[in-house]
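Provide a 3D model corresponding to the input given below.
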Amino acid sequence: MKILLVGLGSIGKRHLQNVIHLGYADISIVSRMPILPIEFSAYQLYRSIQSAIANNHFHKAIICLPTSMHIDALLQLLDAGVEAIYLEKPVSHNYDKIEMVQQLIQQKKSKIYVGYDFHYDLGLQKIKKLISSNTIGTIVSVNAQVGQYLPDWRPHENYKNGMSAKKETGGGVLLDLIHEFDYLYWLLGNINTVASLNKNSNALQIETEDIAEVLLQFQNGIIGTIHLDYLQQKLIRNCLFTGSEGSIYWDLTTTKVQWILKDKSEYEYNYAGFQRNDRFINSIKDFLEEKLNDYTTSFEQALVSLKLVIAAKYSSNNNVFVPVDSFNPII
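Below you'll find the predicted structure:
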């Protein structure tokens, strides 16, 4: 099986190491690097997708480019007949050419997997089971938050030059931290209404929004909030689910899920042995084996979170509540 990896930034290197770890060897790489790092020097290097596909047929491809470059790369690979493609999240930074991609997916019968690796977090999987078994009764509200100091993300790089800092590459907390939109949709279902306030605090001297507060109303009546920021000096990532019979609290930093029931009985699920990279390995393994399960994310499913983010931006810019079903994300 011939595999093409497109983009060798931090996430590209992680995926490449995991693919090698899983035992795959026939790998080619598209990168602007003049030479490959020594640990990857055995693999074929191409300067562009066009040159890579000119004389090769790749069975699978992994796209790890900046968000704004996702769709053009995806179109080239679909047109070349690549049978299965793993696209890093989010799908794109806007809805341009999305219909063209959808048509080509149908025409080529290609399978698209989008990299929402949080579906493979054991804590969120545990919560999905607790919700499915009605452990805390009818859920009435959910409150998710994530924050981490942007300069700490990639300490070896100047964050002001990175994708997160620039509008043209699809940066900003709403797209960068889109996992929260995705996993809430995955766990709780469709969202009817979005309202948001986003701003650039100027604390980081970047172009994009570095803080956002989002209000959600789900189709099943649940009310939710999402807090996103680039400013927390210590990583926070957690979520509280409140139900009629109790509540569930997930904390990624402590790798714990805790829940309390109406009779005040308390329980804890600790998955401390689970490493962050395990999410990526399991996600890419399902892709390479072309498994479709409750954890994989299709292109159409991934469009939901992108639409929600675009709606949140529209809400903040126009000071309105946005009805998601009737909202046109092509703006």
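
can you list the low-confidence ranges for this structure?
The chain contains no residues with pLDDT under 70.

can you pull the domain assignment for this structure?
3-115, 118-274+297-323 (automatic domain parsing).

could the ones you listed go into CSV alongside mean neighbour count and distance to Phe280?
Yep, even glycine has a C-beta here, placed from its N, CA and C like the rest. Formatted as CSV, the domains of the chain follow (neighbours: other C-beta atoms under 10 Å; distance: least, C-beta to C-beta, whole Å):
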stretch, mean neighbour count, distance to Phe280
domain 3-115, 18, 6
domain 118-274+297-323, 18, 8
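
closest to Leu288 out of these?
Taking C-beta to C-beta, domain 3-115 is the member of the domains of the chain nearest to Leu288, at 6.6 Å.

now do the same end-to-end measure for the closest one.
Length of domain 3-115, first residue to last, C-alpha to C-alpha, to the nearest Å: 17 Å.

ok now that domain, how far from the chain's centre?
Relative to its chain's centre, domain 3-115 lies at 16 Å (C-alpha atoms, centre = their mean, to the nearest Å).

stretch 178-197 now?
13 Å.

hang on, Leu130 is in a helix, isn't it?
Yes: the assignment for Leu130 by DSSP: H, G, I helix; E, B strand; the rest coil puts it in a helix.

who does the closest residue to it other than its chain neighbours form a beta bridge with?
Of all residues beyond its chain neighbours, the one nearest Leu130 is Ile248 (5.9 Å), with distances taken as C-beta to C-beta, 6 or more residues apart in numbering. With DSSP bridges as the criterion, Ile248 is bridged to Phe241, Trp259.

which residues touch Ile248?
Counting by C-beta atoms under 8 Å, 6 or more residues apart in numbering, Ile248 makes contact with 127, 130-131, 135-136, 240-241, 257-259.

can you show me the helices along the chain?
Under the criterion DSSP state H, the chain contains helices at 10-21, 49-54, 70-79, 98-108, 122-132, 173-176, 179-188, 276-288, 299-318.

looking at the domains of the chain, which is nearest to Phe287?
The closest of these to Phe287 is domain 3-115. By C-beta to C-beta, the value is 4.5 Å.

bridged to Val30, which residues?
Val6, Tyr46.

pretty sure it sits against Leu5.
Yes: judged on C-beta atoms under 8 Å, Val30 makes contact with Leu5 at a distance of 7.1 Å.

against Ile248, how distant is the residue lying farthest from the centre of the chain?
Ranked by distance from the centre of the chain (C-alpha atoms, centre = their mean), the top residue is Asp263, with 36.8 Å. To Ile248, Asp263 is 15 Å away according to C-beta to C-beta, to the nearest Å.

go on, Thr225?
For Thr225, the distance to Ile248 - C-beta to C-beta - is 16 Å.

could you do Ala165 as well?
Applying C-beta to C-beta, the value for Ala165 to Ile248 is 35 Å.

ok, Gly23 next?
Applying C-beta to C-beta, the value for Gly23 to Ile248 is 37 Å.

then Lys285?
Distance of Lys285 to Ile248, computed by C-beta to C-beta: 28 Å.
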